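Engineer: just the structure for this:
(chains A and B)
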Amino acid sequence: MGPRIGIAGIGVTCPLGDSLEASWDRLVAGEGAVGRMAFEGLPDIAAAQVTSDVSRVLTRLQQVGTERVSQMALGAVRKALADARLEAWPDPERVGLYLGTGMGGAATMDAGFAALHGGGRIPPLTVPAGMVNGASAVVAIHADIRGPVLTYAVACASGSVAMAEAAHALRRGEVDIAICGGVEAPLARGTVAAWHALRTLAPPDAADVARSCRPFSADRAGLVLGEGAAFFVLRRETDLPVPPRAWFAGAAVRSDALHLTNPQVRGQVSTLKAALAAAGLAPPDIGYCNAHGTATVAGDPVECEALRAVWGADAARLRVSSTKAAHGHLLGAGGALEAALTVMALRQGLVPATLGVSALDERCGGLGHVLGAAQRAPDLRHAISNSFAFGGTNAALVFSRA
Amino acid sequence: MSTLDRLTHLIHDKFGVDTATIDADAPFASYNLDSLTVAELMFEIDDAFHVAVPDEAATTVTTLRQLATLIDGLPEKV
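Structural biologist: Numbering: from 1, shown residues only, chains lettered A, B, ... in the order given. All right, here's what the predicted structure looks like:
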């Protein structure tokens, strides 16, 4: 298993707020960040936007060649470093960045192609701003990260996979400080239209747009796109100057190898079992599962079946919620944000609820779903966060209270 | 307003560069415009001045005064 890996700091920029604590407070208060967005040529969509000015992390001159995705990443990384009380490091080559993003600079590519196809000129910095590793490069430049700077594009598991890889790099001794997480900025017209065309997006709920994403609910209608970034500073136990926020106990990544988009029980079960084994834990040790729970018709019952299969007789005692109902599906950043919220659940002994559920889909039953209001869990010691991606890659991360 | 003055203001408005630091005869890099920023500037100039700055200008033009002279010699697009 190697040395224990501790979380030294966490930084979040997400639809619920500009810090992890503010986002958590809104989440457990039962508030959601899903609103209505309009794009030309599309019906209004439900989406969860970051409302602060994320460009302010850079001067206007520094913003040249950057875009929303790189700005959100850098902002969240800076918050994570501040949380870890890290301002500089003696050996920048011993610091690595492991960044997950599904679509990189999608808005830049979108705008560039729109200009070109509309008879105009494509801006000269479309490639550096739009490239999938653009955000990683911007973070490395401004945080002086000179070890491995790697970008993981694994759709909705990107952030989780990046975190799992970062922990491995620390255990292998390749780096002394691993900065890892995910970022996504998909709320651009072409990207939204592509998701809409796939018929996966929930329409804005007519009665209450904040309840458009309803994971596990019998009346769920699809996922709600969100944007944001969440980053962690990971260190080996022996390098931690103070006790960590939590322990990163273990992780696993496995592939369905069956279908481009349909989730499969087989791959999820093997991922969950492997993550528990990596953490040296058994199913009853886990007190909370932050589910992938995107609120698609097909996805939620498969995940619940996988959880029931792994937890068996203990399934009904496993507290489960999907926080996507509140912050939307951040795609490549989703696993990282949900990991951050899972750590908060461990630290606070409080499990957030799945918002918006009117009646639980019976195919999602047999688990300890937390519905309505956040639930006190003073005994909570270990928790798991699931990310199951398009393309069939599944990741599960296990965290333990410090 | 002269072309040089307009360019100075464009650089200030677009990139937030203090106009006092802009020396029209010094290399762009002396006031922190790198090659990417110059490429972006050339792109903006096409719209702002209704001209088509040739691609090679991004490498042959090294100062703002050279750029102003180049723009003044270009035909205005209708």
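Engineer: and B:His9, how far from chain A?
Structural biologist: When distance is defined by C-beta to the nearest C-beta, to the nearest Å, B:His9 is 14 Å away from chain A. C-beta: built from backbone N, CA, C; applies to glycine.
Engineer: what does the model give that residue for pLDDT?
Structural biologist: B:His9 is assigned a predicted lDDT (pLDDT) of 96.
Engineer: in which helix or strand would I find it?
Structural biologist: Using DSSP states H and E, B:His9 maps to helix B:3-15.
Engineer: what does that helix contact?
Structural biologist: Helix B:3-15 is contacted from outside by A:60-61, A:64, B:1, B:17-19, B:22, B:24, B:31, B:33, B:37, B:40-41, B:44-45, B:48-49, B:64-65, B:67-68, B:71-72, using C-beta atoms under 8 Å, 6 or more residues apart in numbering or on different chains.
Engineer: check which element follows it along the chain.
Structural biologist: On the C-terminal side of helix B:3-15, the nearest following helix or strand under DSSP H and E is helix B:35-49.
Engineer: what mean pLDDT does that next one have?
Structural biologist: For helix B:35-49, the mean per-residue pLDDT is 94.
Engineer: do stretch A:317-334 as well
Structural biologist: For stretch A:317-334, the mean pLDDT works out to 98.
Engineer: can you pull the contacts of the nearest residue to A:Pro3 once chain neighbours are set aside?
Structural biologist: Leaving aside its sequence neighbours, A:Pro3 sits nearest to A:Arg236 (C-beta to C-beta, 6 or more residues apart in numbering or on different chains; 4.5 Å). The contact partners of A:Arg236, taken as C-beta under 8 Å, 6+ apart, are A:Pro3, A:Arg4, A:Ile5, A:Gly6, A:Leu170, A:Arg171, A:Asp176.
Engineer: what does A:Thr323 give?
Structural biologist: Shown in contact with A:Thr323 (C-beta under 8 Å, 6+ apart): A:Leu27, A:Asn290, A:Leu337, A:Glu338, A:Leu341, A:Pro352, A:Thr354.
Engineer: distance of whatever residue of chain B ends up closest to chain A relative to B:Ala24?
Structural biologist: For chain B and chain A, the shortest gap (C-beta to the nearest C-beta) falls at B:Gly16, measuring 3.5 Å. The gap separating B:Gly16 from B:Ala24 is 19 Å, by C-beta to C-beta, to the nearest Å.
Engineer: do the same with B:Val51
Structural biologist: Distance of B:Val51 to B:Ala24, computed by C-beta to C-beta: 19 Å.
Engineer: phi, psi of residue 17?
Structural biologist: Unless you meant another one, I'm taking chain A. Backbone dihedrals for A:Gly17, given as degrees, to the nearest 10, come out at phi 170, psi 180.
Engineer: quick one: contacts of stretch A:51-70?
Structural biologist: Contacts of stretch A:51-70 (C-beta under 8 Å, 6+ apart): A:13, A:15, A:18, A:71-72, A:74-75, A:78, A:101, A:103-108, A:125, A:128-130, A:134-135, A:137-139, A:142, A:183-185, A:227, B:14-17, B:32-34, B:36-37, B:40.
Engineer: let's see 7 Å
Structural biologist: Residues outside stretch A:51-70 that contact it (C-beta atoms under 7 Å, 6 or more residues apart in numbering or on different chains): A:13, A:18, A:71-72, A:74-75, A:78, A:101, A:104-105, A:107-108, A:125, A:128-129, A:134-135, A:138, A:183-185, B:15-17, B:32, B:36-37, B:40.
Engineer: then stretch A:264-284?
Structural biologist: By C-beta under 7 Å, 6+ apart, the list of residues contacting stretch A:264-284 from outside reads A:1, A:249-252, A:254-256, A:258, A:302-303, A:305-306, A:309-312, A:314, A:382, A:384, A:388, A:392, A:394-398.
Engineer: same thing but 8 Å
Structural biologist: With contact meaning C-beta under 8 Å, 6+ apart, stretch A:264-284 is reached by A:1, A:249-258, A:285-286, A:302-303, A:305-307, A:309-312, A:314, A:317-318, A:382, A:384, A:386, A:388, A:392, A:394-398, A:400.
Engineer: give me the buried positions along it.
Structural biologist: For stretch A:264-284, the neighbour count (16 or more other C-beta atoms under 10 Å in any protein chain shown) marks A:264-265, A:267-276, A:278-279, A:281, A:283 as buried.
Engineer: stretch A:238-245 too?
Structural biologist: For stretch A:238-245, the neighbour count (16+ other C-beta under 10 Å) marks A:Leu240, A:Pro244, A:Arg245 as buried.
Engineer: for stretch A:3-23, same thing?
Structural biologist: Buried residues in stretch A:3-23, counted by 16+ other C-beta under 10 Å: A:4-20, A:23.
Engineer: quick one: which of the residues you listed sit in strands?
Structural biologist: Judged by DSSP state E, the buried residues of stretch A:3-23 include A:Ile5, A:Gly6, A:Ile7, A:Ala8, A:Gly9, A:Ile10, A:Gly11, A:Val12, A:Thr13 as members of strands.
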